[in-house]
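# Sequence first, predicted coordinates after that:
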Amino acid sequence: RRYRRLAPAMAASKQPIRIVALSASFPNISDVGSWLGCKPEFVHSFDETFRPVPLSFHVESCGSKDTNVFLFAKSLDSKVADIVGKYSAGKPSLIFCSSRASTKTLISKLRVDLGLKKSVDNMIQSTLVQIQDQALREVIQYRIAYHHAGLCSGDRQVIERLFLSGFLIVLASTSTLASGVNLPAHLVIIRGTDLWRGATIGYQRMPKSTLMQMAGRAGRQGFDTSGVAVVMTSCEDAKYYLDSPNTTDIVESNLLSILTECICVEVTQETIKSISDALEWLQSTFFYVRVKRNSAHYNIGCDGDPKLETKLYSICTDAMRNLAEAKLIRFEDDHFSVAAQSPAYHMSRYLVRFETMRILMSVPATATLEDLLRFMSSSFELHTAMNRSEKKVFTSLAKTTRYKPPGAKGSIEFKTNILLQSCALRNSSVDSSLQ
């Protein structure tokens, strides 16, 4: 059916056919077409009617979150069993949770709420001995399990096999299964739509595109004839997600946040040899397509601003001056042409962020191991937000480290330093899932 839609355009073109396929959750494909220089008649969008397996989409309003999002998220666990019973039709269910800890907590509660009994399948006993996680080994016997990046790869592979075989009837997972791993289910439940982004940001609403990526796991071709996706959210957010299959968030470019790093890479490759080259390169990016249509999103004037090119030239100039001040590139005598210096090649090869590179270049030759660990703790690349459930764990671990961790207790720098010490100094008291 999709091929028949493409056939007239393919026949009219005398050029070799090149097809770029985008996810169905990517709404503004015309922008990608413009970026790639594709004519509008060669840009095709396939809506839900082209889905080989029909998907029914439901939004369950589970009360008000008021001012305490954390307690609201925990209250959702008691409602999951009813939703499984209502929509699963006795077929496999996949439940997406916002954190590793919540997958484990939810599965423990479902074992009771669903009234499950241990499986009498003798073949499962040989599988259980392969599982390293003791709590996981216990719940699998009830044909339920959890899956997240903190489990060892062996445990994750066993869980995936058991779910594909149909032995597991319910699997709770983090977003690791939303993309990359093909584990289709009849029912997909998104348990909560508020995502914790760390103490400095707090909770953020889940993007519609992320939610639809998860929902797309329901009812996959070759495994089922229909699929069901259920979103459990607050009454405040229910209306926002109700039309998700038809209206997803416009995809914007993130290039501006890493523009300095990207320009450094292009200078080392000699793609950019001057400020004018930098502007010309910027005009060839997806960012340029979007900034012309939504410049307010990037805080660069307003749509249709006649001075947009001048502002972009100024942005490129500032980025290159920052690189020059950090001694990563140098301006030639004409103050216009540029060339890469030795550290720039290392920064580009190992994909080091600009701020991290400046930190590394400031490390004195006399630095001790404690100094190096402290410098590395400031590196953005190593930062992961401190979850609520981790604060007590890391405060306790801080007492076992050789060096006192820098930063306030519960800060990202504090957590990163403890993890670095555990790896560098082989601290066995740190759980491997945290590392």
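On my side now, so go ahead.

# The helix or strand where residue 228 lies pairs with which strands, parallel or anti?
Using DSSP states H and E, residue 228 sits within strand 227-233. Here strand 227-233 is paired, per DSSP bridges, with strand 55-61 (parallel), strand 187-191 (parallel).

# Could you look over those and pick the most buried one?
strand 187-191 (a mean of 26; mean count of other Cβ atoms under 10 Å). To be clear about C-beta, it is placed using only N, CA and C from the backbone, and glycine gets the same treatment.

# I'd assumed residue 161 was in a helix, is it?
Yes - inclusion of residue 161 in a helix is indicated when DSSP: H, G, I helix; E, B strand; the rest coil is applied.

# Name all residues that make contact with it.
By Cβ atoms under 8 Å, 6 or more residues apart in numbering, residue 161 lies in contact with nothing.

# Distance of it relative to residue 168?
Residue 161 sits 10 Å away from residue 168, going by Cβ to Cβ, to the nearest Å.

# could you pull out the strands for the stretch 51-200 of the chain?
55-61, 93-96, 144-147, 170-173, 187-191, 194-196 (DSSP state E, counting those that start in this stretch).

# rank these by pLDDT, which is bottom?
When the strands of the stretch 51-200 of the chain are ranked by mean pLDDT, strand 194-196 comes last with a mean of 88.

# what's the distance between that strand and the middle of its chain?
12 Å (Cα atoms, centre = their mean, to the nearest Å).

# Then stretch 162-170?
25 Å.

# Then stretch 219-235?
With Cα atoms, centre = their mean, you get 21 Å for stretch 219-235.

# And stretch 79-98, by the same measure?
With Cα atoms, centre = their mean, you get 24 Å for stretch 79-98.

# dump the residue contacts of residue 387.
Going by Cβ under 8 Å, 6+ apart, residue 387 touches 99, 101, 196.

# could I get those residues as CSV with distance to residue 263 and neighbour count?
Listed next are the contacts of residue 387 as CSV, based on distance: Cβ to Cβ, whole Å; neighbours: other Cβ atoms under 10 Å:
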residue, distance to residue 263, neighbour count
99, 36, 18
101, 40, 17
196, 33, 18
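
# list the buried ones in the longest helix seen in the chain?
When the chain is scanned for its longest helix (criterion: DSSP state H), the result is helix 308-325. By 16 or more other Cβ atoms under 10 Å, the buried positions in helix 308-325 come out as 308, 312-313, 315-316, 319-320, 322-323.

# Show me which of the residues you listed is closest to residue 349.
Nearest to residue 349, judged by Cβ to Cβ, of the buried residues of helix 308-325 is residue 323 at 15.7 Å.

# Now do the closest one against residue 362, distance only.
Residue 323 is 15 Å from residue 362, by Cβ to Cβ.

# same check, this time on residue 201
With Cβ to Cβ as the criterion, residue 201 and residue 362 are 27 Å apart.

# With residue 321 instead?
In this view, residue 321 and residue 362 are 18 Å apart by Cβ to Cβ.

# Tell me which helix or strand comes right after the strand holding residue 228.
In N-to-C order, the element after strand 227-233 by DSSP H and E is helix 238-242.

# now whichever helix or strand comes after that following helix: how far from the chain's centre is it?
For helix 238-242, the following helix or strand on the C-terminal side (DSSP H and E) is helix 259-268. How far helix 259-268 lies from its chain's middle: 24 Å, per Cα atoms, centre = their mean.

# For helix 259-268, enumerate the helices and strands it packs against.
helix 275-282, helix 308-325, strand 338-340, helix 342-349, helix 354-361 (3 or more Cβ pairs under 8 Å, 6 or more residues apart in numbering; DSSP states H and E).

# Same list, those, but as CSV with mean pLDDT please.
CSV is the format used below for the helices and strands packed on helix 259-268 (pLDDT from 0 to 100):
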stretch, mean pLDDT
helix 275-282, 95
helix 308-325, 95
strand 338-340, 96
helix 342-349, 96
helix 354-361, 94
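
# For residue 371, find the nearest of those.
Here helix 354-361 is closest among those (Cβ to Cβ), at 11.5 Å.

# Give me the residues contacting the helix or strand just after that closest one.
Using DSSP H and E, the helix or strand that directly follows helix 354-361 along the chain is helix 369-377. Outside helix 369-377, the residues within contact range by Cβ under 8 Å, 6+ apart are 359-360, 362-364, 367, 382, 403, 405-407, 413, 416-417, 420-421, 424.
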